[in-house]
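Peer 1: Generate a structure from the sequence data that follows.
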Amino acid sequence: IVFVGKLVPEKGVDIYVESVKLVANKFSDWKFYIIGSSKSGLDKVETRYAKEIIDSFLGIGKNVKYYGFLPNLKVSNILQKASILVVPSVWEEPFGLTALEGIANRQAVIASKVGGLVDIISKRGILIQNIDKRKIANRLTNLMKNKDELKKYQNKAWKNYNFNQKNISKKQDKIRKEII
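Peer 2: This is a model prediction of the structure:
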(Lines give C-alpha, C1' and ligand atoms only; values in the text may rest on other atoms or scores of the structure.)
Protein backbone atom coordinates (compact mmCIF):
# COMPACT_ATOMS: atom_id res chain seq x y z
CA ILE A 1 0.00 0.00 0.00
CA VAL A 2 1.61 3.22 -1.09
CA PHE A 3 1.34 7.00 -0.96
CA VAL A 4 3.31 8.91 -3.59
CA GLY A 5 3.56 12.69 -3.48
CA LYS A 6 4.96 15.79 -1.88
CA LEU A 7 4.96 15.76 1.89
CA VAL A 8 2.78 18.83 2.23
CA PRO A 9 -0.59 19.24 3.98
CA GLU A 10 -2.63 19.69 0.80
CA LYS A 11 -1.63 16.21 -0.44
CA GLY A 12 -3.18 14.62 2.67
CA VAL A 13 -0.11 12.62 3.63
CA ASP A 14 -0.98 13.16 7.31
CA ILE A 15 -4.36 11.52 6.71
CA TYR A 16 -2.62 8.56 5.06
CA VAL A 17 -0.24 8.18 8.02
CA GLU A 18 -3.08 8.36 10.53
CA SER A 19 -5.07 5.74 8.59
CA VAL A 20 -2.02 3.45 8.48
CA LYS A 21 -1.76 3.77 12.27
CA LEU A 22 -5.29 2.34 12.50
CA VAL A 23 -4.60 -0.75 10.36
CA ALA A 24 -0.88 -1.59 10.21
CA ASN A 25 -0.70 -3.67 13.38
CA LYS A 26 -3.82 -5.66 12.45
CA PHE A 27 -2.33 -6.47 9.04
CA SER A 28 1.34 -7.09 9.79
CA ASP A 29 1.75 -9.10 6.58
CA TRP A 30 1.01 -5.97 4.53
CA LYS A 31 3.63 -3.30 3.81
CA PHE A 32 2.94 0.44 3.84
CA TYR A 33 5.11 2.92 1.94
CA ILE A 34 5.60 6.63 1.48
CA ILE A 35 7.47 7.89 -1.56
CA GLY A 36 8.12 11.61 -1.67
CA SER A 37 9.73 14.60 -0.05
CA SER A 38 8.80 18.14 0.90
CA LYS A 39 9.95 19.36 -2.51
CA SER A 40 10.32 17.41 -5.74
CA GLY A 41 13.90 16.31 -6.31
CA LEU A 42 15.06 16.77 -2.72
CA ASP A 43 16.72 13.87 -0.94
CA LYS A 44 16.82 15.56 2.44
CA VAL A 45 13.95 16.54 4.68
CA GLU A 46 13.50 20.30 4.48
CA THR A 47 10.41 21.17 6.49
CA ARG A 48 9.28 20.57 10.04
CA TYR A 49 5.98 19.22 8.68
CA ALA A 50 7.75 16.59 6.54
CA LYS A 51 9.99 15.57 9.45
CA GLU A 52 6.99 15.15 11.75
CA ILE A 53 5.15 13.09 9.11
CA ILE A 54 8.16 10.82 8.52
CA ASP A 55 8.84 10.35 12.25
CA SER A 56 5.19 9.55 12.92
CA PHE A 57 5.06 7.10 10.00
CA LEU A 58 8.29 5.28 10.92
CA GLY A 59 7.06 4.94 14.51
CA ILE A 60 4.12 2.78 13.41
CA GLY A 61 6.01 -0.49 13.18
CA LYS A 62 8.18 -2.81 11.13
CA ASN A 63 5.83 -2.98 8.14
CA VAL A 64 6.31 0.66 7.07
CA LYS A 65 9.02 2.15 4.88
CA TYR A 66 9.81 5.71 3.89
CA TYR A 67 11.67 6.01 0.59
CA GLY A 68 12.00 9.75 0.26
CA PHE A 69 12.30 11.25 -3.20
CA LEU A 70 12.91 8.69 -5.94
CA PRO A 71 13.45 9.06 -9.70
CA ASN A 72 10.43 8.20 -11.87
CA LEU A 73 11.78 4.80 -12.93
CA LYS A 74 12.18 3.63 -9.32
CA VAL A 75 8.71 4.94 -8.43
CA SER A 76 7.31 3.07 -11.41
CA ASN A 77 9.01 -0.16 -10.30
CA ILE A 78 7.46 0.14 -6.83
CA LEU A 79 4.03 0.99 -8.23
CA GLN A 80 4.13 -2.10 -10.45
CA LYS A 81 4.46 -4.27 -7.33
CA ALA A 82 1.97 -2.43 -5.11
CA SER A 83 -1.64 -3.55 -4.65
CA ILE A 84 -3.23 -0.32 -3.41
CA LEU A 85 -2.48 3.36 -3.97
CA VAL A 86 -3.89 6.01 -1.62
CA VAL A 87 -4.33 9.58 -2.93
CA PRO A 88 -5.88 11.52 0.00
CA SER A 89 -5.56 15.05 -1.41
CA VAL A 90 -7.47 17.71 0.50
CA TRP A 91 -7.16 20.39 -2.17
CA GLU A 92 -8.77 20.49 -5.61
CA GLU A 93 -6.19 18.40 -7.49
CA PRO A 94 -6.25 19.77 -11.05
CA PHE A 95 -5.25 16.44 -12.61
CA GLY A 96 -3.84 13.83 -10.23
CA LEU A 97 -1.06 12.19 -12.22
CA THR A 98 -0.23 9.86 -9.32
CA ALA A 99 -3.76 8.43 -9.42
CA LEU A 100 -3.44 7.88 -13.16
CA GLU A 101 -0.13 6.06 -12.65
CA GLY A 102 -1.79 3.83 -10.07
CA ILE A 103 -4.59 2.96 -12.48
CA ALA A 104 -2.09 2.32 -15.27
CA ASN A 105 -0.31 -0.11 -12.93
CA ARG A 106 -3.56 -1.96 -12.17
CA GLN A 107 -3.77 -0.88 -8.54
CA ALA A 108 -6.87 -0.45 -6.46
CA VAL A 109 -6.87 3.33 -6.02
CA ILE A 110 -8.45 5.01 -3.00
CA ALA A 111 -8.70 8.77 -3.51
CA SER A 112 -10.38 11.94 -2.33
CA LYS A 113 -13.49 12.94 -4.24
CA VAL A 114 -12.06 16.34 -5.22
CA GLY A 115 -10.99 18.18 -8.36
CA GLY A 116 -9.56 16.24 -11.27
CA LEU A 117 -9.36 13.04 -9.21
CA VAL A 118 -13.11 12.60 -9.75
CA ASP A 119 -12.66 12.37 -13.54
CA ILE A 120 -9.57 10.19 -13.35
CA ILE A 121 -10.86 7.71 -10.76
CA SER A 122 -14.54 7.71 -11.79
CA LYS A 123 -15.37 4.04 -12.56
CA ARG A 124 -11.78 2.93 -11.95
CA GLY A 125 -11.40 3.08 -8.19
CA ILE A 126 -12.75 4.22 -4.84
CA LEU A 127 -13.61 7.89 -4.31
CA ILE A 128 -14.17 9.15 -0.77
CA GLN A 129 -16.17 12.31 -0.05
CA ASN A 130 -14.74 14.36 2.86
CA ILE A 131 -11.82 11.97 3.20
CA ASP A 132 -10.47 11.23 6.66
CA LYS A 133 -8.33 8.59 8.42
CA ARG A 134 -11.27 6.37 9.42
CA LYS A 135 -12.80 6.32 5.94
CA ILE A 136 -9.45 5.34 4.43
CA ALA A 137 -8.80 2.76 7.17
CA ASN A 138 -12.22 1.20 6.56
CA ARG A 139 -11.60 0.94 2.81
CA LEU A 140 -8.11 -0.43 3.33
CA THR A 141 -9.40 -3.00 5.82
CA ASN A 142 -12.08 -4.12 3.39
CA LEU A 143 -9.56 -4.54 0.56
CA MET A 144 -6.93 -6.27 2.72
CA LYS A 145 -9.47 -8.71 4.20
CA ASN A 146 -11.24 -9.43 0.94
CA LYS A 147 -8.93 -10.54 -1.89
CA ASP A 148 -11.88 -10.77 -4.32
CA GLU A 149 -12.80 -7.15 -3.62
CA LEU A 150 -9.19 -6.10 -4.08
CA LYS A 151 -8.99 -7.95 -7.42
CA LYS A 152 -12.30 -6.39 -8.48
CA TYR A 153 -10.90 -2.87 -8.04
CA GLN A 154 -7.57 -3.76 -9.63
CA ASN A 155 -9.39 -5.17 -12.65
CA LYS A 156 -11.74 -2.15 -12.79
CA ALA A 157 -8.72 0.13 -12.95
CA TRP A 158 -7.25 -1.75 -15.88
CA LYS A 159 -10.50 -2.52 -17.71
CA ASN A 160 -11.64 1.11 -17.61
CA TYR A 161 -8.23 2.61 -18.37
CA ASN A 162 -8.79 4.87 -21.35
CA PHE A 163 -5.85 7.21 -21.12
CA ASN A 164 -3.93 5.52 -23.92
CA GLN A 165 -2.57 7.29 -26.99
CA LYS A 166 -5.33 6.01 -29.30
CA ASN A 167 -8.15 7.39 -27.13
CA ILE A 168 -6.34 10.65 -26.46
CA SER A 169 -5.74 11.15 -30.21
CA LYS A 170 -9.44 10.57 -30.93
CA LYS A 171 -10.41 13.18 -28.35
CA GLN A 172 -7.88 15.66 -29.74
CA ASP A 173 -9.17 15.10 -33.28
CA LYS A 174 -12.74 15.71 -32.12
CA ILE A 175 -11.73 18.96 -30.42
CA ARG A 176 -9.86 20.12 -33.53
CA LYS A 177 -12.94 19.48 -35.70
CA GLU A 178 -15.12 21.47 -33.29
CA ILE A 179 -12.69 24.40 -33.38
CA ILE A 180 -12.38 24.49 -37.17
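
Peer 1: From now on I want contacts and neighbour counts done on CA atoms only, so please keep to that.
Peer 2: OK.

Peer 1: The nearest residue to Leu140 once chain neighbours are set aside: how many residues sit nearby?
Peer 2: The shortest distance from Leu140 to any non-neighbouring residue, by Cα to Cα, 6 or more residues apart in numbering, is to Val23 (7.9 Å). Residues near Val23, counting by other Cα atoms under 10 Å, number 19.

Peer 1: ok, Val23 - contacts?
Peer 2: Applying Cα atoms under 8 Å, 6 or more residues apart in numbering, we find Val23 in contact with 137, 140-141.

Peer 1: now swap in Leu79 and tell me
Peer 2: Counting by Cα under 8 Å, 6+ apart, Leu79 touches 2, 101-102, 105.

Peer 1: Quickly note the distance from the residue nearest to Leu140 to Lys152.
Peer 2: Distance, Val23 to Lys152, using Cα to Cα, to the nearest Å: 21 Å.

Peer 1: cool, and Ser28?
Peer 2: For Ser28 relative to Lys152 (Cα to Cα), the value is 23 Å.

Peer 1: Then Val75?
Peer 2: Distance, Val75 to Lys152, using Cα to Cα: 24 Å.

Peer 1: can you check Gly12 too?
Peer 2: 25 Å.

Peer 1: Pick out whichever of the two has more residues nearby.
Peer 2: The neighbour count for Gly12 versus Lys152, taken as other Cα under 10 Å, is higher for Gly12 (23 against 15).

Peer 1: I'd say the more buried one and Val90 touch.
Peer 2: Yes. At 5.7 Å, Gly12 counts as touching Val90 under the criterion of Cα atoms under 8 Å.
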